[in-house]
Every structure is written in C-alpha cells, then in structure tokens.
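Peer 1: sharing a sequence plus its predicted fold:
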Amino acid sequence: MLVDGSGPKPVGPVDVLVENGRISAVANEPLQREGAAEFDLAGKTIMPGLIDCHMHPFLTDMNLMRLEETPVSLVTAQATVVLNRLLDRGFTTIRDAAGGDWGLKQAVDDGLIAGPRLFISGRALSQTGGHGDFRRRTDDSNICSCSSALHLTSRIADGVDQVRHAVRDELRKGADQIKIMVSGGVSSPHDPLEGCQFSMSESEAAVDEATRAGTYVLAHAYSAEAITRALQAGVRTIEHANLIDAKAAELAADKNAFVVPTLVAYEAGARHAESAGYSAEMLDKLKRVREAGLRSLELCKSAGVSMGFGTDIIGDQELHAQEFLLRTQVLPAHEVIASATRIGAKILRREGELGVIAPGAIADLLVVNGNPLEDISVLAGHGEALAAVMKDGRFHKNKL
C-alpha cells in the first residue's frame, strides 16, 4: 500500500523502482531491473519521507539562557544526535527555523552527519526588545554572534536599512529562507504575546530583499494582528499562529500563504518549562498558547488554509512525533500526513521532488509496519514501526 496524504485511503498495491537516488518508476504491475535488490512489502505501507517545517536542532536546552554559556562546538555535537534521531523517526527533510548554519547543512549533504536534508534560515531577525532579543533588562551590551550558541539563533535589526542589511547578510551566509519575529513569544522573557514587532516598512523590506533573491520570508507570529500585518507585508508562511482569528485565517487563505502550527512544542513546554526556570510570566504565556492550539487548527481548516507540519521543540525531543497525535484530534489522518509530505514540499518549493512517491522524485521512502491512515500512532514514536528509512536512495535503516 502507498500512503502519501493525497486521500483517505491507501493506493495500491504498487511497485516502486529506485535508481541513482531517484524514483524512476511507480506502477501497478511488477517492475524489474537486472541486478536490482527486491523487497516484498506485503502487509506494509510505503510512504514518502516526512518533512518538519519548523525545527531547531541547535537549540538543545529549553532554558535558552543556559545556551548563552554553551560553546558552539558543544551544541553542534548535540545537534548531530538530534538530526540522527530525526532520521530514525522518518524525517528526511527539515526546515531549520533559526540556529543551523551552512556548515551543518553541508556536513549532512557531504555525509559526515546522518540526518535530514536541511533548509536553513540562519539567524532570525528581531527588533530590539523583540522575541529574538534575549538580553537581560540590565544588559546594554551589543550582541556578538560569535559569543555563544544562543546568539546563533537571532540577530537584532532596527529600521529599514538594518533589516535590508541583515537579510542580505543571512543570504550571503547561506540561508535558504529568512525568518522574522513579528510578535512576542513564550521563550522570550519580557515581550507580551500580543505585541506587534517590526513596523510594516521593516517587514516589507525583509520580504522585498528575500523575494529579489529568489526566496521568501517566514514569520514567528501568535496574535491575529501580528499575523495580519505579516501577511499584508507579503510574508509567505506564518509560524505557530495559536491566537489566529477567523478574519486572519481567511486573509492567509486569500493570499495563498501557509500556516505552520507547532502544537507539540507546548506539550513539551508543559512538561519541562518549570524545571527549565521559566518565569511566572512565561508560564502564563505558555498556558495561553497551549489552550488555543487546537482552535487555531479549526479556524485554519475552516478558512481553507494550507497547513504545514512543524514541531518547534526546544531541548528534549522525546515528544517530537506526537505532533501527529495532537493534530488528529481535529484533522483527519490523511490531512495530517499531507502536512508532513506534500504541503511541506510546497512550503520548501520542492513540489514533485519531495513529499511524494512519483517518477523523478528524490528517493526518500519509508516502509511502515501498519497503516497510518487507520492508526497514525505508527508515526508518533521514535521509529519503532518503521521497517525501513531511505534518504536519497540509500537506506538509513533497513529491517526488511
């Protein structure tokens, strides 16, 4: 059986032929090539590799301020473990939503690290006092990007000229897309969730620079007002969006924008935030966005918004794939699977190459013991139900 999120029932049986890292044929009758290894997948499900469009493998501690004292060398080593385990769970592609750099991406591409292919955002752009400004209130120093793991995550840019410079600089350093912070957040200690960050002209400047370079902008945004402003500025994907309202969801649909919810991040937060030293104010923000998460899915579905799959867990990744279970409280299984396959590929602008099993696509394939359309929990663990994981036509795991 083949499951790719295209419908509520599996397709097949099918034969899939992989040659030179690509899928060369998919057919309803037997396919043969002399010398090819053959695998009988009777009773199993074949799927495209999964795509997580909001990950932070470099943010290895939920208490971000501890990363201020962590060298880049240590979090790089920790990130390699995170990436390997993501591949174990069937995620063959991720969009790093801030923190990862060109070096880590290249290490994966060169085979030095086992992990998903990376689409990196570099350092996210924040205004002074915004979600990416992690300085203490008593700290008047300028942030040096080389000083710690924390400062690989974001950079401060105020005014149109600084925003333009920051976008150009992140693109120069290899960013595949640009991230901006347009509202408050849970993990930043001082900014309210409802706050609207960056002026319209600043957001428009980021979008203009990214567009002229052939890429796009994603925006961290919680409140309906911040989401609306970002969409009006031309932002292509909205991250989190827990506090979205019906009007903002309709605007996202009208503009063919994407929303990437990250519900499991708040479940992980509820488990670890207090021990990680979150303040009472941060815990209150966490509670609010956690309670609003499922409603945001309902609003986006009703408006016809395309939703990608994201997780945004910082630190302990134990709950990572349980995003599948959370979403199926509101959405049918095939739509949740589509968010992590076909829609993820559209967000990354790699339709036809990723997230599908079709001739010409990259051979990222999963073999699942079970049918995720009937029991999506087979995708929600740590790869226990995966008999095989293939990336670029090579097996990362093979228990066939």
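Peer 2: Happy to help now that I have it.
Peer 1: quick one: distance of the lowest-mean-pLDDT helix or strand in the chain to the chain centre.
Peer 2: Least confident helix or strand of the chain, by mean pLDDT, DSSP states H and E, is helix 64-67 with a mean of 76. Computed by Cα atoms, centre = their mean, to the nearest Å, the chain-centroid distance of helix 64-67 equals 21 Å.
Peer 1: and Val18, what helix or strand is that in?
Peer 2: Element membership for Val18, per DSSP states H and E: strand 15-19.
Peer 1: what of Ala265?
Peer 2: With DSSP H and E as criterion, Ala265 is part of helix 264-272.
Peer 1: buried ones in the next helix-or-strand element following that helix, by neighbour count?
Peer 2: Downstream of helix 264-272, the next assigned helix or strand under DSSP H and E is helix 280-303. Going by neighbour count (16 or more other Cβ atoms under 10 Å), the buried part of helix 280-303 is 282, 285-286, 289-290, 292-294, 296-297, 299-300, 303. (C-beta placed from N, C-alpha, C; glycine too.)
Peer 1: per-domain residue ranges of the protein.
Peer 2: 15-47+357-398, 49-347 (automatic domain parsing).
Peer 1: need the winner for burial among those domains.
Peer 2: A comparison of those by mean neighbour count, using mean count of other Cβ atoms under 10 Å, puts domain 49-347 on top with a mean of 21.
Peer 1: so how far is that one off the chain centroid?
Peer 2: 7 Å.
Peer 1: ok, and what's touching stretch 329-337?
Peer 2: Contact with stretch 329-337 is made by 3-8, 47, 294, 297-298, 301, 309, 324, 327-328, 372-374, 376, 379, as judged by Cβ atoms under 8 Å, 6 or more residues apart in numbering.
Peer 1: which regions of the stretch 51-200 of the chain sit below the pLDDT cut-off?
Peer 2: Within the stretch 51-200 of the chain, the segments meeting pLDDT under 70 span 133, 135-148.
Peer 1: 90 instead?
Peer 2: Scanning the stretch 51-200 of the chain for pLDDT under 90 picks out 58-73, 75, 99-100, 128-154, 184-195.
Peer 1: any chance you could map the helices in it?
Peer 2: With DSSP state H, counting those that start in this stretch, the ranges of helices along the stretch 51-200 of the chain come out as 64-67, 72-88, 102-109, 159-172, 200-212.
Peer 1: need the residues that contact whichever helix or strand comes after the strand holding Val18.
Peer 2: Scanning forward in sequence from strand 15-19 by DSSP H and E, the next helix or strand is strand 22-27. With contacts defined as Cβ under 8 Å, 6+ apart, strand 22-27 is touched by 2, 14-18, 31, 357-363, 393.
Peer 1: OK, contacts around Phe134?
Peer 2: 64-65, 68, 150, 153-154, 188-189.
Peer 1: check the secondary structure at Ala358 for me.
Peer 2: For Ala358, the assignment made with DSSP: H, G, I helix; E, B strand; the rest coil gives coil.
Peer 1: would you confirm that it contacts Glu351?
Peer 2: No. In this structure, Ala358 is not within contact of Glu351 by Cβ atoms under 8 Å, at 10.2 Å.
Peer 1: isn't there a strand covering Lys397?
Peer 2: Yes. Lys397 forms part of a strand when assessed by three-state DSSP.
Peer 1: for the nearest residue to it once chain neighbours are set aside, give me the pLDDT.
Peer 2: Distance criterion Cβ to Cβ, 6 or more residues apart in numbering; nearest residue to Lys397, sequence neighbours excluded, is Val389 at 4.3 Å. As predicted, Val389 sits at a pLDDT of 98.
Peer 1: ok but Val389 is inside a strand, no?
Peer 2: Yes. Counting by three-state DSSP, Val389 is part of a strand.
Peer 1: got a list of what it touches?
Peer 2: Counted by Cβ under 8 Å, 6+ apart, Val389 has contacts 49, 87-88, 90, 92, 365-366, 383, 395-397.
Peer 1: first vs last residue of stretch 177-193, how far apart are they?
Peer 2: Stretch 177-193 has an end-to-end distance of 24 Å (criterion: Cα to Cα, to the nearest Å).
Peer 1: one more: stretch 390-400?
Peer 2: 12 Å.
Peer 1: and for stretch 46-55?
Peer 2: Here the two ends of stretch 46-55 are set 24 Å apart, with distance taken as Cα to Cα.
Peer 1: packing partners for the strand holding Val18?
Peer 2: Strand 15-19 sits against strand 22-27, with contacts defined as 3 or more Cβ pairs under 8 Å, 6 or more residues apart in numbering; DSSP states H and E.
Peer 1: which other helices and strands contact the following helix or strand past the strand it packs on?
Peer 2: Under the assignment DSSP H and E, the closest C-terminal helix or strand after strand 22-27 is strand 45-48. Secondary-structure packing of strand 45-48 (3+ Cβ pairs under 8 Å, 6+ apart): strand 365-368.
Peer 1: where are the low-confidence patches of the stretch 301-400 of the chain?
Peer 2: 313-317.
Peer 1: helix/strand/coil for Lys247?
Peer 2: Following three-state DSSP, the label given to Lys247 is helix.
Peer 1: contacts only, for it.
Peer 2: For Lys247, the contact set (Cβ under 8 Å, 6+ apart) comprises 224, 228.
Peer 1: what separates it from Phe258, distance-wise?
Peer 2: Lys247 is 18 Å from Phe258, where distance means Cβ to Cβ, to the nearest Å.
Peer 1: same thing with Ala25?
Peer 2: As defined by Cβ to Cβ, Ala25 lies at a distance of 31 Å from Phe258.
Peer 1: quick revisit: ok, and what's touching the least confident helix or strand of the chain?
Peer 2: 59-61, 75, 134, 148-150, 153, 187, 277, 314.
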